[in-house]
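**Q** Fold the following.
(3 chains, ligands or ions: 4)
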Amino acid sequence: MKQALRKIRLLCDLDDGQLERIAAIASIERVKTGDIVVEEQGPANSIRAVAEGRVSIAVSVPGRGELPVCTVSVGEILGWSALLPQARWLATARAVKDTTLIVLRGAALLDLYEQDRELGYRVMHRTFETVAERLHDTWLQLMDSYRQ
Amino acid sequence: MASCDGCQLTLLDCEDELLALGEAVDIVHFPEASSALRPQGRFDLTLVEGSISTPEQLEEIRHIRAVSHALVVIGACATSGGVQALRNFADHEQFMRVVYATPSYVSSLADSTPISAHVPVDFELRGCPIDKAQLLEVITASVVGRKPGIPNEAVCMECKRRGVVCVMVARGQTCLGPVTHAGCGALCPAYDRGCYGCFGPRESANTGSLATWELGRGRSKADMVRAFRLITGAAPAFEHESKRHEP
Amino acid sequence: MTPPPAHWLERDELGHLLALIRGDGYRLIGPTVDGAAIIYDEIEGVDELPVGWTDEQAPGRYRLRRRDDDAIFGFAVGPHSWKQRLFPAREPLVQIRRDGDDIRFSAARADPPPTAFIGVRACELAAIELQDRVFVRGPFVDHRYAARREACLIIAVNCVEAGELCFCASMGTGPRVGPGYDLCLTELDGGFVVEAETEAGAALVQRLDARAAADAELTARDAGLDSCRQTMGRELDTEGLPGLLFGNLDHPRWTEVAERCLACGNCTQVCPTCFCFDVKDVSLLANAETARERSWDSCFGQDHSTIHGAVFRPAIADRYRQWLTHKFASWTSQFDASGCVGCGRCIAWCPVGIDVTEELSAIRSQDPKPAIELPRPQVWWPREDDPLVPAPARVLEVQPETPDTVTLVIERTTAVREEPGQFNMLSLPAIGDVPISVSGSGEDFVEHTLRGVGRATKALSELRPGQRLGVRGPFGSRWPIELAKDHPLTLIAGGVGLTPLRSAMQQLAANPDDYPAVRLFYGARSAADILYDTELLAWDSLPSCDVSVTVDQASRRWLGNIGFVTRLLRRKELPLDGRYFICGPEVMMRQVLFLLDEAGVPKSHRFVSIERNMKCAAGFCGRCQYGPYFVCKDGPIFRHDHIDFIFGQPGF
Ligand code: SF4
Ligand code: SF4
Ligand code: SF4
Ligand code: FES
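**A** Numbering: from 1, shown residues only, chains lettered A, B, ... in the order given. Ligands and ions are numbered 1, 2, ... in the order given. Model (predicted):
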């Protein structure tokens, strides 16, 4: 497990001991192409990282079905809503390849942050980085720049 | 729409060329189209002359826009409101009483406004009246599918290409050429007179700087109001400038 | 070199000289009073010269005035210049005839009559020499200009009085006339010192009743020149000017002058060295004949920097900065000389009296930032073919790529093989021509992939096999694919930006031994907009190539990556010794370059493709200027460190 965790950008600043503590709250989830990983409106309780494969994030548009807005690949995370209190999934995640995910329960992760503030800071810092990048990439995507 | 029909005359003046055009174009002419005589069907290119001065015209132009693939508005009236726009600066009621015996028969909007203020237009062909060669260019370009070769540049560019000696510099006259859309071929400067701005403001018209220069060499504020309030005085850039110099 | 022998010509003999020249079959163009100014026009003899006239000049002001004497050349330069004669304000370039599906393009020839320019001043001769650099000493020869240049005889005049706005001494172009004249006159009391530089000039002197000039006359000539030099109305410190201007692209003075500048373009039109032009197809609807014409243009006009509706220099400040940086800085990189000869015309004929010398000294004196190093000019060996005349080519095949994009496979018209990254100008009669990059080529065909967005590309995309179009090229710089022999290579493409990279990719994929490590990252709008999909798959299946695709918009059926191309790059390793070719919309390239900055990839390892307004593609029309470069000849492919001081800067 520790081996798998090392490949996740979110956790790349952690030392061995810290990784072990994360490993203790992590579990593996395997899904097949087309399977739903999390569903819009469902309770957001875990943050996930892609160890293998690819997952698409889609928003349902009434009358048009699911509209994928981005994909998440190896080493990247999805489901940061799980770190917010009483959150729900705002989008549906679906495997577009056979995919292996590492699941970290939000509540347990928050407990870990409390116990080890330094670990918490390092992981949250990377979480923030991911959110910022994702937001920035989304602006660019929104610009529809190839259209001119 | 509201105009003197001079621009339509330009169209007729293109007789020979229009015959040539005729092979490629079907011409459906509808002057002063009233709602009763509305032509049916859709049009590839509609040329509209005149400004919007009455509620009927407003309704009419919306209809025309809806049935035309390309809408080209021609002349200073259609592109900037024209001379009739002078009333925008005056009390409308008073104007009506002076001009018409029984003003209540005349239905009229308070402002005379360019067509682009009401519906999207594909090309604005400026001028008072429009230039024949430019009109043909717009029609040809629209049919063969090229961008009309009518750059949005200053009259000065045409003036210099012709080798005309600048009347501002060599004769100390006021000339709107630097802020006016090209198209006339620098007609007035070629006759040693400053440009009156018939083609309306060009893009990036720096009217403020021109006025400052003129005031700096002895012109009065009233001169500035007059200069900017001629043929295309309702075009925003000129209107704004003339208002700045009002007493 | 010994100075040419000088002769003395009595004042009354000038008429004789002009008559001789006319007798030799030359038409005379010289200064003459026309209403309010001294202009250059056709003359017959001395009577029409401005005898006893002079001018008073100030910023935005020019007035004629009577002199106290009857000097013939006692005035400074006026609103006209010789540019009008050598590079006329309007002229046809190509005649196009359409005959059914057949199209014929023929060069419009200049056929100039022999013409003598009377009274060419030092600054003016320098200006002619500068325009020679543009029109005959670049990568191509403009044959119309060259023919007129050949046909002219230059009778120059040394200035012994300086005008209020002259600064040729600062620019090193005067007041003494430099090389390039046939005859040079210096007007003194009672007559002229005459010097001949060419055989034609010497032959004229021989036929005149001219004796060798006396020492006193030569001394008087030199004294006149000296006093002229010392009384120049303007002065300019040119030391390090190019680097200073480009180091101060954000100087507050640009916005300040933009409040006064009318963007009218007068300065560029009167400037004897400005060479920008626009090209338009002129035709009447029912006519099979089209004339492709050029007309003087100016960087102060909006169209100068517009492509696909995007205006690259929207603000007056951008345009004024283009004018001044081109004249006094870019020229040095482009043509190895300043673009200003110090004639002062732009100062006099600016309707609001903006003075370049004042603007430049303001930038130098008001808190300037340090100068930067500018690129050195390239040396070109002109190609003899006329770059402006297209060759007719048949469309062999039309392959639909996406709903709005097609690949035209056209007949090869030139033996010159296109290099990856180069472009051709494709043209249709009555519509005009547009630059389209070469997306592939073979022994007897060339491929162009184009999106029908503008009017010209739309018309091109509607061509059918068997129909004809015009082609000229290939033009421009290339992707340096040989770098991939020693370095891992990453190609990053966005949208139709894949097309110029495709020909590179084809060569890279075909030679895996030479190019063992090639990656292609490609961002498209949607799955339906992906170009060359079968080829992408084929490349990806090669051991030497790795292809990743991402789209901005997708449906549920799309199982690939979704997200902007930067999303893709963040996941990949970006090796520091790798080389990177980037092509796509400028905003995309900018973002990709940011990521490469973060990764620490040196700028010299990155190559980008720049798109600007192009008309001639041969380095003549000035439309494609990009800072000190011309996109058509120095680009479209640039190394990032060569353009980083302007890349992404508003107004370039
Ligand atoms: S920039 Fe001005 S002074 Fe210099 S050559 Fe051009 S017109 Fe003359
Ligand atoms: S870009 Fe240069 S050559 Fe062209 S008009 Fe401007 S200053 Fe003159
Ligand atoms: S500097 Fe003067 S001449 Fe040149 S564009 Fe500005 S206002 Fe016109
Ligand atoms: S100089 Fe004409 S396109 Fe480059």
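**Q** Apart from its chain neighbours, what residue comes closest to the spatially most central residue of chain B?
**A** In chain B, the centroid-proximal residue (Cα atoms, centre = their mean) is B:Ala76; its distance is 1.4 Å. Nearest residue to B:Ala76, sequence neighbours excluded (Cβ to Cβ, 6 or more residues apart in numbering or on different chains): B:Cys128, at 3.8 Å. C-beta coordinates here come from the backbone N, C-alpha and C atoms, glycine included.
**Q** Please name the nearest non-neighbouring residue to the residue in chain B that ligand 4 sits nearest to.
**A** Closest contact between chain B and ligand 4, by Cβ to the nearest ligand atom, is at B:Pro151 (16.3 Å). Excluding the flanking residues, the one nearest B:Pro151 by Cβ to Cβ, 6+ apart is C:Asp303, at 4.8 Å.
**Q** contact partners of the longest helix belonging to chain C?
**A** Across chain C, the longest stretch assigned as helix under DSSP state H is helix C:215-230. With contact meaning Cβ atoms under 8 Å, 6 or more residues apart in numbering or on different chains, helix C:215-230 is reached by C:6, C:8, C:158-162, C:169, C:175-176, C:186, C:188-189, C:193, C:213.
**Q** from these, which two are the most distant?
**A** Maximum pairwise distance among these (Cβ to Cβ): 26.1 Å, between C:Trp8 and C:Ala169.
**Q** So between those two, which is more surrounded?
**A** Ranked by neighbour count (other Cβ atoms under 10 Å in any protein chain shown), C:Trp8 and C:Ala169 place C:Ala169 first, with 23 against 18.
**Q** what bits of the stretch 101-250 of chain C have low per-residue confidence?
**A** Applying pLDDT under 70 to the stretch 101-250 of chain C picks out no residues at all.
**Q** residue in it nearest to ligand 1?
**A** C:Ala127 (6.2 Å).
**Q** gap between that residue and ligand 2?
**A** Going from C:Ala127 to ligand 2 by Cβ to the nearest ligand atom, to the nearest Å gives 12 Å.
**Q** B:Ala141 now?
**A** Noted for B:Ala141: a distance of 25 Å to ligand 2, by Cβ to the nearest ligand atom.
**Q** Then C:Asp34?
**A** 25 Å.
**Q** what sits against that residue?
**A** B:Val165, C:Asp41.
**Q** Next up, phi/psi of it, please.
**A** Taking degrees, to the nearest 10, you get phi -130, psi 100 for the backbone angles of C:Asp34.
**Q** before we move on, the earlier item: in this model C:Val270 seems to touch the residue of the stretch 101-250 of chain C closest to ligand 1, though I could be wrong.
**A** No. When contacts are counted by Cβ atoms under 8 Å, C:Ala127 is not listed as touching C:Val270 (11.2 Å).
**Q** okay, and the common contacts of these two?
**A** Between them, C:Ala127 and C:Val270 share the contacting residues C:Ser81, judged by Cβ under 8 Å, 6+ apart.
**Q** In terms of packing, which of those two has more residues around it?
**A** Between C:Ala127 and C:Val270, counting by other Cβ under 10 Å, C:Ala127 is the more crowded of the two (28 against 25).
**Q** Leaving out the residues flanking it, which one is nearest to the more buried one?
**A** Distances taken as Cβ to Cβ, 6+ apart put C:Pro272 closest to C:Ala127, at 3.6 Å, once the chain neighbours are dropped.
**Q** cool, and C:Gly442?
**A** C:Arg412 (7.9 Å).
**Q** So for the one you found, what's the pLDDT?
**A** pLDDT, C:Arg412: 94.
**Q** Need the phi and psi values for it.
**A** Phi and psi for C:Arg412, reported as degrees, to the nearest 10, are phi -70, psi 140.
**Q** Just give the number of residues close to it.
**A** For C:Arg412, the count of nearby residues is 18 (other Cβ under 10 Å).
**Q** circling back: which residues touch the residue nearest to the centre of chain B?
**A** B:Gly82, B:Val83, B:Arg126, B:Gly127, B:Cys128, B:Cys198, B:Phe199, B:Gly200, B:Ile231, B:Thr232 are the contacts of B:Ala76 under Cβ under 8 Å, 6+ apart.
**Q** Isn't the fourth one up against B:Val138?
**A** No. In this structure B:Gly127 lies outside contact range of B:Val138 using Cβ under 8 Å: 11.2 Å.
**Q** for the residue lying closest to C:Ser441 once chain neighbours are set aside, what are its contacts?
**A** Spatially, and ignoring its direct neighbours in sequence, C:Ser441 is nearest to C:Glu418 (5.1 Å; Cβ to Cβ, 6+ apart). Neighbour list for C:Glu418: C:Asn424, C:Val438, C:Ser441, C:Val446, C:Gly473, C:Pro474, C:Ser503 [criterion: Cβ under 8 Å, 6+ apart].
**Q** Checking my notes, the residue nearest to C:Ala127 in a strand, right?
**A** No. According to DSSP: H, G, I helix; E, B strand; the rest coil, the state of C:Pro272 is coil, so it is not within a strand.
**Q** From C:Ile29, how far off is it?
**A** As judged by Cβ to Cβ, to the nearest Å, C:Pro272 and C:Ile29 stand 14 Å apart.
**Q** Please identify which of these two sits among more neighbours.
**A** C:Pro272 (27 against 21).
**Q** Could you list the low-confidence segments of the stretch 301-450 of chain C?
**A** Looking at the stretch 301-450 of chain C by pLDDT under 70, you get an empty list.
**Q** Could you look up the SS state of the closest residue to ligand 2 within it?
**A** When scored by Cβ to the nearest ligand atom, the stretch 301-450 of chain C has C:His326 as its residue closest to ligand 2, at 3.5 Å. Secondary structure, three-state DSSP: C:His326 is helix.
**Q** Domain-wise, how is chain C divided?
**A** C:7-88+C:105-230, C:241-365, C:391-475, C:485-609 (automatic domain parsing).
**Q** Let me know which of those domains is tucked in deepest.
**A** domain C:241-365 (a mean of 22; mean count of other Cβ atoms under 10 Å in any protein chain shown).
**Q** What's the end-to-end length of it?
**A** 12 Å (Cα to Cα, to the nearest Å).
**Q** same thing with stretch C:168-178?
**A** 12 Å.
**Q** swap in stretch C:639-652?
**A** Termini of stretch C:639-652 sit 17 Å apart (Cα to Cα).
**Q** Ok, stretch C:100-112 next?
**A** One end of stretch C:100-112 to the other measures 33 Å (Cα to Cα).
**Q** anything in the lengthiest helix in chain A near chain C?
**A** In chain A, assigned by DSSP H, the helix with the most residues is helix A:117-142. Yes. Helix A:117-142 is in contact with chain C by Cβ under 8 Å from any Cβ of the partner chain, via A:Glu133, A:His136, A:Asp137, A:Thr138, A:Leu140, A:Gln141.
**Q** Buried ones among the residues you listed?
**A** A:Glu133, A:Asp137, A:Thr138, A:Leu140, A:Gln141 (16 or more other Cβ atoms under 10 Å in any protein chain shown).
**Q** Setting aside sequence neighbours, what's the nearest residue to the third one?
**A** Distances taken as Cβ to Cβ, 6+ apart put A:Cys70 closest to A:Thr138, at 7.2 Å, once the chain neighbours are dropped.
**Q** For C:Leu49, list the residues it contacts.
**A** C:Leu49 sits next to C:Gly30, C:Pro31, C:Thr32, C:Ile43, C:Ile72, C:Phe73, C:Ile118, C:Gly119 when contact means Cβ under 8 Å, 6+ apart.
**Q** Give the other helices and strands that the helix or strand hosting A:Ile22 contacts.
**A** Per DSSP states H and E, A:Ile22 falls inside helix A:16-24. Applying 3 or more Cβ pairs under 8 Å, 6 or more residues apart in numbering or on different chains; DSSP states H and E, one finds that helix A:16-24 contacts helix A:2-6, helix A:106-115, helix A:117-142.
**Q** what comes up buried for that helix?
**A** Residues of helix A:16-24 classed as buried by neighbour count (16+ other Cβ under 10 Å): A:Gln18, A:Leu19, A:Ile22, A:Ala23.
**Q** Done for today, thanks.
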